[in-house]
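J.: need a 3D model of the sequence below.
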Amino acid sequence: MELRHLRYFVVVAEERNFTRAAKRLSMQQPPLSQQIRMLENELGFALFHRHPKGVDLSIGGEVFLHEAKSILANVAQGTQRAARAANGIEGIISVGFTSSAAAHPLIPEILRAHRAAKPGVAVKFSEGNAAELTSAVASGKLDLGFLRMPVSRPPGLAFHRLLDEEMLLVLPVGHALLQKRPKKGMPVIPLKSLRDEQFILVRNPGATGMYSGFIDACVRAGFSPSIAVEVDRMLTNICLVAAGVGISVVPASMNGFHTDQVAYCRVLESGGGFSAPLTLVCRQADTLPAVQHFLAEAGRFARVDG
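T.: A predicted model of the protein is given here:
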């Protein structure tokens, strides 16, 4: 049984006449009658009661008409949906992000623009650290991941840097370094004045990241920072600064957290400073149109090359 047999049957059932049905199908009447006979032989029952003026549906034909229309409608819908998916207009993509990446306003801007451009593409979200997201994208569990500095670069992945932003120092309110600073504007703290402080940093196992850039800057300033605590999420280090456990550094876009308990300061660093990138990771060989469209949308918002 082929789809064309179902279409022939539906048209004959609607016209109640082989001649009119053949004209509607742009074919001759004898071949149409032959195709319907073949379908009836395959089904094992008559679809029509034939008479000189045309045909009427049999009891079996009435039931089969409903099923045939349903099958043809499902095929048409499936074809349309497949075409929309092939063109990236419909489908599902999975996107992950680190907590610090999600804090940057660029992320909701990209997501909002993507939803407006491709409303038929559903986006599934998840959160993790940079290592977890990179592994998930590499294994195919995620399509894309927003993170800061990559902690590893497995083969087959592409890392698109969207922007670089300033890193800010986070001090508890009332810290001695804030006492003689201007009341207006963001304080500026020389990096070398932090040599005796205890730092709270996010774990960055076995790879270069934005915190290693900070440590390198400290070394250039003449000291190695003393790390009091390592945490898994960047929001946690701000909370611990508020609790008086130590001080930390965060991307500038995170300066709205716990502002009644911590102070955000710019860092004066003679070696050129250090920055927090925002990076989008994906699989190099991913040809899923919905993913490619998301990458193109994100690229429109990129503020650095590459």
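
J.: mind listing what Y264 touches?
T.: 168-170, 186, 250, 252, 255 (Cβ atoms under 8 Å, 6 or more residues apart in numbering). C-beta: built from backbone N, CA, C; applies to glycine.

J.: what's the answer for F214, then?
T.: 167, 201, 225, 249, 274.

J.: returning to what we had before: secondary structure added to the contacts of Y264, as JSON lines?
T.: As requested, the contacts of Y264 are exported to JSON lines (DSSP: H, G, I helix; E, B strand; the rest coil):
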{"residue": "L168", "secondary structure": "strand"}
{"residue": "L169", "secondary structure": "strand"}
{"residue": "V170", "secondary structure": "strand"}
{"residue": "M186", "secondary structure": "coil"}
{"residue": "V250", "secondary structure": "strand"}
{"residue": "A252", "secondary structure": "helix"}
{"residue": "N255", "secondary structure": "coil"}
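
J.: want to throw these into JSON lines with pLDDT and neighbour count?
T.: Below are those laid out as JSON lines (pLDDT from 0 to 100; neighbours: other Cβ atoms under 10 Å):
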{"residue": "L168", "pLDDT": "92", "neighbour count": "22"}
{"residue": "L169", "pLDDT": "93", "neighbour count": "26"}
{"residue": "V170", "pLDDT": "95", "neighbour count": "25"}
{"residue": "M186", "pLDDT": "86", "neighbour count": "15"}
{"residue": "V250", "pLDDT": "90", "neighbour count": "24"}
{"residue": "A252", "pLDDT": "90", "neighbour count": "16"}
{"residue": "N255", "pLDDT": "88", "neighbour count": "19"}
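
J.: now, of the contacts of F214, which are buried?
T.: 167, 201, 225, 249, 274 (16 or more other Cβ atoms under 10 Å).

J.: buried stuff in whichever strand or helix holds the first one?
T.: Element membership of M167, judged by DSSP states H and E, is strand 157-172. By neighbour count, and taking 16+ other Cβ under 10 Å as the criterion, the buried residues in strand 157-172 are 157, 159-165, 167-172.

J.: against which helices or strands is that strand packed?
T.: helix 130-139, helix 234-242, strand 248-251, strand 262-268, strand 275-283, helix 289-301 (3 or more Cβ pairs under 8 Å, 6 or more residues apart in numbering; DSSP states H and E).

J.: that strand pairs with which strands?
T.: strand 248-251 (antiparallel), strand 262-268 (antiparallel), strand 275-283 (antiparallel) (DSSP bridges).

J.: pLDDT weak spots in the chain?
T.: 80-81, 83-90, 181-183, 204-210, 270-273, 304-306 (pLDDT under 70).

J.: domain ranges for it?
T.: 3-86, 91-162+277-301, 164-275 (automatic domain parsing).

J.: how deep is L147 tucked in, by neighbour count?
T.: Neighbour count for L147, taken as other Cβ atoms under 10 Å: 26.

J.: surely V121 touches H114?
T.: Yes - contact criterion Cβ atoms under 8 Å: V121 and H114 qualify, at 7.4 Å.
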